[in-house]
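Based on what follows, work out the 3D shape:
(one chain, ligands or ions: 2)
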Amino acid sequence: MIFCRFLAVASLTATLASAATIWPLPQSVSYGSSSVETPQFQFIGLSSDDSKNAVKRYNPLIFPHSVEQTVDALDILVTIDDEDAELQLGTDESYTLSVPESPSSNSPITITAKTQYGFMRALETLSQLVDFDFDAEAYSIEGVPVEISDSPRFPHRGVLVDSSRHFEPISTLKIVVDSLAYAKLNVLHWHLVDSQSFPFDSKSYPLLGKQGAYSQFERYSPNDVAELVEYARQRGVRVMVEIDTPGHAGSWCEGYPEICPSKTCTEPLNPSTNATFDLIEGLFKDLTGGQAKSGLFPETLMHLGGDEVNTDCWTKSDDISSWMDQQGFDEDDTYAYFIARVQAIAHSMGREVIGWEEIWNHFGTSLDPSTIIHQWLPGSTVGPEVTAAGYRLIWSTDGVWYLDGLSTTWQTMYEAEPTEGISPSSLHLVLGGEGCMWGETVDTSSILQTIWPRAAAISERLWSDKNSTQNVDVAEPRYAEFRCHLNSRGIAAAPYDNLIARNAPTGPGGCLDQRRRE
Ligand SMILES: *[C@@H]1O[C@H](CO)[C@@H](O)[C@H](O)[C@H]1NC(C)=O
Ligand SMILES: *[C@@H]1O[C@H](CO)[C@@H](O)[C@H](O)[C@H]1NC(C)=O
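Ligands and ions are numbered 1, 2, ... in the order given. Prediction:
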């Protein structure tokens, strides 16, 4: 078995970077058996800064070795319907890419896309087609003519990064964003704050960051956030912020103890005082600008957490429990009241809200129907009921798509199916999914090799046609190639067949065959 897999990979080293190796697999791809030399590309028809900047980024990625130029650049004729499209959930990322057998100015390579973001996906695919021959010192595309027509299966394809359990510098997050775009992932779910630390500087409530961060330098200024969000947008990556309440918020009490049940019992946040909701409103204003599509996070979706609420600190507090009695609330009513008030604040700022699946498990169809449910509990099969009731779903089940689960194999991640059990008429309610990179054991020293290459298994599940991506053994050589592709760009993707995700190579070996060794 091991031997066969070895052979399958070895035979592919001969065909590095042809249409046969594109990751994630395009919806439709056909290729021939010729090859064409490609000294440089000249892109014709671009007008927006976004598109031109994308070409500037991709040029050195496509042509990483400098060579003496002896042949004319090949024209690529680009047609983009809307080159200044807004990036939101559902923004069109489709494209076509056609490389004729003998490209010329009369019969050029062509790319079409609906938006500049589709064009960026086409550039990534193109970059995976171009090969460098060290003996000839020349670039070529093998397997021409190539015809690709491509679009994502799901609109929401992300990785969650948690900057509370460890602070992740903006420079690190930028590399994560780069790497997401390489795999055609389009969402960075930023779990910005949690009980362990509050690294964001809120202008309205400055003590949150000042007192709640690990140290005075492990903080994000509003300008840091704005810069990252714009950096990601230019790469077709939406940044969706999460502010998790009423649990997972202990760090907030450092600066504002009045919003917590007590010094020693800090969460869930205190539901009995308006100070709590005033603070949340001020913080949300800092993040959203107080209205739709503006502020630091113009993204329409906002994640409000709502998970793992243990109400003991409420019932142990005399003030809170007498307030609950006055309202006629039990613990679950209080939890529901909290969630509804925070959702209303986000709605008033033009945001659509997401919550972890506990809010569905507690409140079901009494939730506002626009609420998006984020499935995560180990073994959860909540998707079919959520969607049958008309609610939208994002899929991240723990034990399957949790990247901090170091012994979860890429095969398990690849074989996951977010639409399992969901009726055909509700499939449109499955927005997609996310790999979750919880931060307890990752910081800058380890985050990239914990995310990669396994997040690529998730990216193919979310981008590619389900029927063409059912067999892990068929996918494996391409997956191994994609790991090398990431490495070639300096992304610290771990050996792909590690038993424990982020282990270093255990001995000498090439990029493709750094495989499992006991
Ligand atoms: C608390 O806020 C709610 C909602 O805005 C309001 O109806 C209520 O009067 C406020 N309570 C106090 C004591 O200010
Ligand atoms: C995928 O396979 C199923 C079951 O064989 C089939 O019914 C369906 O039409 C296929 N879908 C596509 C897009 O080929």
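
May I ask which helix or strand encompasses the residue lying farthest from the centre of the chain?
Within the chain, the residue lying farthest from the chain centre (Cα atoms, centre = their mean) is Gln326, at 43.8 Å. Here Gln326 sits within helix 318-327, counting by DSSP states H and E.

The helix or strand following that helix: which residues count as buried?
Next helix or strand after helix 318-327 toward the C-terminus (DSSP H and E): helix 331-348. Under the neighbour-count criterion of 16 or more other Cβ atoms under 10 Å, helix 331-348 has 331, 334-336, 338-339, 341-343, 345-346 buried. Where C-beta positions appear, they are placed from N, C-alpha and C, glycine not excepted.

what pLDDT, on average, does stretch 373-385 get?
Across stretch 373-385, pLDDT averages out at 98.

just how off-centre is it within its chain?
The chain centroid and the centroid of stretch 373-385 are separated by 19 Å, computed with Cα atoms, centre = their mean, to the nearest Å.

cool, and stretch 213-231?
Counting by Cα atoms, centre = their mean, stretch 213-231 comes out at 19 Å from the chain centroid.

Tell me the span between the first and last residue of that stretch.
Criterion Cα to Cα, to the nearest Å; first-to-last residue distance in stretch 213-231 is 24 Å.

Just the residues contacting it, thanks.
163, 167, 170, 173-174, 177, 192, 197-201, 203, 209-210, 239, 286, 296-298 (Cβ atoms under 8 Å, 6 or more residues apart in numbering).

Quick check: the gap between Glu124 and Ser48.
Look at Glu124 and Ser48: by Cβ to Cβ, to the nearest Å, they are 18 Å apart.

just to revisit the earlier point, can you redo the buried residues of helix 331-348 as a markdown table with distance to Asn503 and pLDDT?
Formatted as a markdown table, the buried residues of helix 331-348 follow (distance: Cβ to Cβ, whole Å; pLDDT from 0 to 100):
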| residue | distance to Asn503 | pLDDT |
| --- | --- | --- |
| Glu331 | 43 | 97 |
| Thr334 | 45 | 98 |
| Tyr335 | 41 | 98 |
| Ala336 | 44 | 98 |
| Phe338 | 42 | 98 |
| Ile339 | 40 | 98 |
| Arg341 | 46 | 98 |
| Val342 | 41 | 98 |
| Gln343 | 42 | 98 |
| Ile345 | 44 | 98 |
| Ala346 | 41 | 98 |
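
Tell me the one of these nearest Cys511?
Ala346 (44.7 Å; Cβ to Cβ).

my read: the closest one touches His303, true?
No: Ala346 lies out of contact with His303 (Cβ atoms under 8 Å); the separation is 9.6 Å.

Find the residues that touch each one of these two.
Val353.

ok so, going back, neighbour count for Glu124 and Ser48, which is higher?
Of the pair Glu124 and Ser48, Glu124 is the one with more neighbours under other Cβ atoms under 10 Å, namely 23 against 16.

wait, isn't that one in contact with Leu180?
No: look at Glu124 against Leu180 with Cβ under 8 Å: they stay out of range, at 10.9 Å.

tell me the phi and psi of Val161?
phi -120, psi 130 (degrees, to the nearest 10).

for the one 10 residues further on, same thing?
For Ser171, the backbone dihedrals (degrees, to the nearest 10) come out as phi -60, psi -40.

burial count for it?
Neighbour tally, Ser171, other Cβ under 10 Å: 9.

okay, Ala8: pLDDT?
Ala8 is given a pLDDT of 36.

Show me what the helix holding Gln326 is packed against.
When contacts are defined as 3 or more Cβ pairs under 8 Å, 6 or more residues apart in numbering; DSSP states H and E, helix 318-327 packs onto helix 312-316, helix 331-348.

want to throw these into TSV with distance to Leu512?
Shown next, in TSV, are the helices and strands packed on helix 318-327 (distance: least, Cβ to Cβ, whole Å):
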stretch	distance to Leu512
helix 312-316	52
helix 331-348	46
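
of those helices, which approaches Asn361 most closely?
Between the helices and strands packed on helix 318-327, helix 331-348 lies closest to Asn361; by Cβ to Cβ that is 10.7 Å.

which strands and helices sit next to that closest one?
With 3+ Cβ pairs under 8 Å, 6+ apart as the test, helix 331-348 has helix 274-288, strand 301-305, helix 312-316, helix 318-327, strand 352-356, helix 358-363 packed against it.

Can you tell me what sits against the second one?
In other words, strand 301-305. Counting by Cβ under 8 Å, 6+ apart, 89, 189, 191, 238, 240-245, 247-248, 284, 287-288, 339, 342-343, 346, 351-356, 372, 374 sit against strand 301-305.

residues of that strand that come out buried?
Here strand 301-305 shows 301-305 as buried, counting by 16+ other Cβ under 10 Å.

Farthest-apart pair in those, please.
Leu301 and Gly305, at 13.2 Å, using Cβ to Cβ across the buried residues of strand 301-305.

residue ranges for the helices of the stretch 351-500 of the chain, please.
358-363, 383-388, 410-415, 447-451, 454-463, 472-488 (DSSP state H, counting those that start in this stretch).

what's the shortest one in contact with?
To tie it back to what came earlier, the one meant is helix 447-451. 159, 161, 168, 172, 175-176, 179, 403-404, 406, 435, 437, 441-442, 491-494, 501-502.

likewise the last one?
Counting by Cβ under 8 Å, 6+ apart, helix 472-488 makes contact with 5, 8-9, 11-12, 16, 20-23, 25, 64, 128, 179, 182-183, 410-411, 414-415, 452-453, 456-457, 460, 469, 493, 495-497, 511-512, all of which sit outside it.

Identify each buried residue in the helix holding Gln326, please.
Neighbour-count burial for helix 318-327 [16+ other Cβ under 10 Å]: 320-321, 323-324.

Contacts only, for Phe119.
So Phe119 contacts 51, 54, 78, 80, 83, 95, 111, 113 (Cβ under 8 Å, 6+ apart).

Of these, just say which sits nearest to Asn310.
Ala54 (46.3 Å).

Noted, bye for now.
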